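Enquirer: give me a 3D structure for the following:
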Amino acid sequence: MLIDAHIHLDQYKEEEVPLLLDEAQYVIAVSTDLQSCEKTLKLSKTYAKVKPAYGFHPEQSLPSDRDRKALFDWLQLHASDMIAVGEVGLPYYRRQEKEIDERPYIDLLEQFVKFAKEFHKPIVLHAVYEDALIACDLLERYGVTKAHFHWFKGSEEAIVRMIHNGYFISITPDCVYEAEIQALIKRYPLELMMVETDGPWPFEGPFDKKLTSPYMMSNTIEVIAMIKDLTTQEAAKIVTENTKKFYSL
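Expert: Coordinates of the predicted model:
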């Protein structure tokens with residue numbers, strides 16, 4: 001039974017949730033906005049396996065000042081309930097579609113980093129390629145050391161810096177068919193690695209047209225084990241212990 005280090009559980013149908021949870025030891029359920037945070041909180045109160053993270057996904061329009069204040073007021077009120085701040089970060093993919101000013105997104109991420117520091121919480125980051133370096137700047141500025149870069153992709157410069165700082169990454173099922181992710185697994189230390197689904201995000205290859213579910217992490221573990229020259233049992237044990245230690249489970 002593996003731990004899904006990053007899943008959008010609130011985006012599944014209500015009847016799907018218990019079936020998904022049967023396939024995992026725990027899930028780190030991330031949130032995308034205030035409404036999502038509220039749904040994730042409710043799921044965590046219903047199911048013991050659900051460990052909630054609260055945040056604002058960056059691949060969307062920024063919240064208004066009023067909504068932003070409401071979100072951070074809510075986060076402070078529920079700080080004791082959350083296992084981490086997340087999902088937060090920078091809008092890399094949104095910028096590929098249209099030109100946007102990234103500065104307000106950086107300001108918002110900085111506010112989340114400061115919150116994580118103040119409340120002693122790990123932070124779950126959506127920060128890929130050049131955005132990873134900006135995230136590293138903020139983490140270093142505020143002395144936040146427990147950082148989890150989910151579904152990370154980035155330059156050698158970012159990788160070296162993240163490893164030096166002890167930041168974690170999590171590997172998705174696309175490692176089965178993506179050479180870029182396989183190369184990352186080879187490069188990154190296993191002791192700084194977790195596994196995730198990012199469900200309900202869909203995958204290709206052997207997972208095409210299948211509902212994204214924690215069972216897919218077993219395929220991820222097989223790839224990690226092969227690349228790291230371990231048995232699947234050894235890889236699963238190490239990755240699980242990494243996740244438990246990082247999230248204090």
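Enquirer: which residue packs closest to the residue most central in space within the chain, ignoring adjacent ones?
Expert: By CA atoms, centre = their mean, the chain has its centre lying nearest to His150, at 3.8 Å. The shortest distance from His150 to any non-neighbouring residue, by CB to CB, 6 or more residues apart in numbering, is to His6 (4.4 Å). Any C-beta I mention is one placed from the backbone N, CA and C, and that applies to glycine too.
Enquirer: sheet partners, orientation included, of the one helix or strand the one you found maps to?
Expert: His6 belongs to strand 3-7 when assigned by DSSP states H and E. Strand 3-7 sits in its sheet next to strand 26-29 (parallel), going by DSSP bridges.
Enquirer: any idea what the residue nearest to the centre of the chain is bridged to?
Expert: Beta-bridge partners, per DSSP bridges, of His150: Ser170.
Enquirer: look at it and report its pLDDT.
Expert: With respect to pLDDT, His150 scores 98.
Enquirer: could you check how far Met103 is from Val124?
Expert: For residue 103 the amino acid is Arg, not Met. 22 Å (CB to CB, to the nearest Å).
Enquirer: please identify which of the two sits among more neighbours.
Expert: Neighbours per residue (other CB atoms under 10 Å) separate Arg103 from Val124, with Val124 holding more: 31 against 8.
Enquirer: identify the residues contacting that one.
Expert: Val124 sits next to His6, Ile28, Val30, Ala53, Gly55, Ala84, Val85, Gly86, Glu87, Val88, His148, His150 when contact means CB atoms under 8 Å, 6 or more residues apart in numbering.
Enquirer: so it lies in a strand, does it not?
Expert: Yes: under DSSP: H, G, I helix; E, B strand; the rest coil, Val124 sits within a strand.
Enquirer: any chance you could map the strands in this protein?
Expert: Along the chain, the stretches classed as strands by DSSP state E are 3-7, 26-29, 50-54, 84-89, 123-126, 147-150, 168-171, 193-195.
Enquirer: adding distance to Ile238, write those out as a markdown table.
Expert: Supplementary listing: these in a markdown table, determined by distance: least, CB to CB, whole Å:
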| stretch | distance to Ile238 |
| --- | --- |
| strand 3-7 | 12 |
| strand 26-29 | 16 |
| strand 50-54 | 20 |
| strand 84-89 | 21 |
| strand 123-126 | 20 |
| strand 147-150 | 16 |
| strand 168-171 | 13 |
| strand 193-195 | 8 |
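Enquirer: pick the most buried one from the ones you listed.
Expert: With neighbours defined as mean count of other CB atoms under 10 Å, the strands of the chain peak in mean count at strand 123-126, which reaches a mean of 30.
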